[in-house]
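Peer 1: Structure for the following, please:
(chains A and B)
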Amino acid sequence: MKKIFSNQYFLLFGRIVIAIVFIYAGAEKITDPKGFSQAIYNYKLLPIQTINFLAITLPWSEIISGILLLFGISVKENASIIASLLFVFIVAVALSLIRGLDIDCGCFGKGNPVGWKKLGENTLMLIICIALMAFDSKIFTLNTKKTD
Amino acid sequence: MNKKNLLSIIIISISIGLIYNYLNPNGIPFIREERILEFVEEDSLSLNRDSINIVITDSTSIKSSTETSVKTEVIGQKEIQPLPTEFTKPLAIKIDKAYQLYKQGVKFIDARMPEEYNEGHIKGAINIPFDGDESYRDILKTISKDEILVTYCSGTECDLSILLGDELFEKGYKKVYIFFGGWNDWLEKGYPISKGGQ
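Peer 2: Below you'll find the predicted structure:
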């Protein structure tokens, strides 16, 4: 298993997929901040005062980490940011499923309900991010400095 | 992992987000305000009944002179109404008032997803799923801005009726009611329902 996860081509593929997903997800949220704020509110997990701060900053975190990951800049750092976000998303979606909330996940704009599929996708991406954090992706990168 | 890099990326992302939101005309306030539902009082609804008649008369094509005189008369009544017929924001109503409006032929809008709508909805209600495709909103082109509308969703726990109500209000529908209690209360009371798509 370790051989697969440490394979540079696997890591490159994973890096590009996650980067594209997060750039797209971030861009969708930026175009509709009101909608994203509502999506966070619907989870009913956070105090109302913190919701808009997250709705304003989180999409940019997704986009910037996504772009940097795409170009292989500070892969470990960006993978850890995205892994943290994914962990939060997984917990939020899982809690909503347990509580039986029939809400939109707010992942890619409107029309994505929370569900087991979403949980599976996020878990898969989290695994790839952990692999990127552990083994780094060293091919096709713009990184000139060694970050370790 | 370089912690300095990590921190820099996070700080830069947050800063860009805040600056972009500040400059964006569609930006949102830093602190979210809670949406408090304002319920209609008994009296205000009965006063609005006259305005309901006006809408119905206005939307019907007038063929005879008798009908024309009726219209003028009703509008005359409207002019002496002390209360404004337009709301400052969508108003919430409960089951009894919703049924009262239903009997008066007011248009009901189901804000749930089409699957739920098809399983069962208030008889005669149209479906505009708030989280659905924009194409569902095309039906609004056929609805006059003066018309009284009632939005509803599953029950007291859902927000879709409030969100759709607010959206319609922003689009220029100034007589929007939000039926708090929605489908669950309606079903419990055994009021008219129908199944299938629109």
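Peer 1: And the spatially most central residue of chain B, what's its pLDDT?
Peer 2: Nearest to the mean C-alpha position of chain B, by Cα atoms, centre = their mean, lies residue B:165 at 2.6 Å. We note a pLDDT of 93 for residue B:165 in this prediction.
Peer 1: Just checking, which helix or strand succeeds the helix or strand where it lies along the chain?
Peer 2: Using DSSP states H and E, residue B:165 sits within helix B:160-170. For helix B:160-170, the following helix or strand on the C-terminal side (DSSP H and E) is strand B:176-179.
Peer 1: who's in contact with that next one?
Peer 2: Counting contacts by Cβ atoms under 8 Å, 6 or more residues apart in numbering or on different chains, the residues outside strand B:176-179 that touch it are B:37, B:40, B:87, B:90-95, B:97-98, B:101, B:106, B:108, B:148-152, B:161-162, B:165, B:168-169. Bear in mind the C-beta positions are built from the backbone N, C-alpha and C, glycine included.
Peer 1: by contact count, what packs against the longest helix seen in chain B?
Peer 2: Taking DSSP state H as the criterion, chain B has its longest helix at helix B:3-23. Secondary-structure packing of helix B:3-23 (3 or more Cβ pairs under 8 Å, 6 or more residues apart in numbering or on different chains; DSSP states H and E): helix A:48-70, helix A:75-99.
Peer 1: Tell me which of those helices lies nearest to residue A:3.
Peer 2: helix A:75-99 (19.4 Å; Cβ to Cβ).
Peer 1: and the helix or strand following that closest one, which residues are buried?
Peer 2: Downstream of helix A:75-99, the first helix or strand assigned by DSSP H and E is helix A:116-135. For helix A:116-135, a neighbour-count test (16 or more other Cβ atoms under 10 Å in any protein chain shown) marks A:118-119, A:121-122, A:125-126, A:128-133, A:135 as buried.
Peer 1: what do you get for stretch B:179-193?
Peer 2: B:179-186.
Peer 1: first to last residue in it, what's the distance?
Peer 2: 15 Å (Cα to Cα, to the nearest Å).
Peer 1: May I have the secondary structure class of residue A:4?
Peer 2: helix (DSSP: H, G, I helix; E, B strand; the rest coil).
Peer 1: Grab the nearest non-local neighbour of it.
Peer 2: residue A:10 (5.9 Å; Cβ to Cβ, 6 or more residues apart in numbering or on different chains).
Peer 1: What of residue A:35?
Peer 2: According to Cβ to Cβ, 6+ apart, the nearest residue to residue A:35 is residue A:110 (6.5 Å).
Peer 1: follow-up on the earlier one: ok, now how distant is the residue nearest to the centre of chain B from chain A?
Peer 2: 13 Å (Cβ to the nearest Cβ, to the nearest Å).
Peer 1: Does residue A:42 touch residue A:105 like I think?
Peer 2: No: contact criterion Cβ atoms under 8 Å: residue A:42 and residue A:105 do not qualify, at 9.2 Å.
Peer 1: after the least confident helix or strand in chain B by mean pLDDT comes which helix or strand?
Peer 2: Sorting the helices and strands of chain B by mean pLDDT, DSSP states H and E puts helix B:65-79 at the bottom, at a mean of 37. Of the helices and strands lying after helix B:65-79 in sequence (DSSP H and E), the nearest is strand B:91-93.
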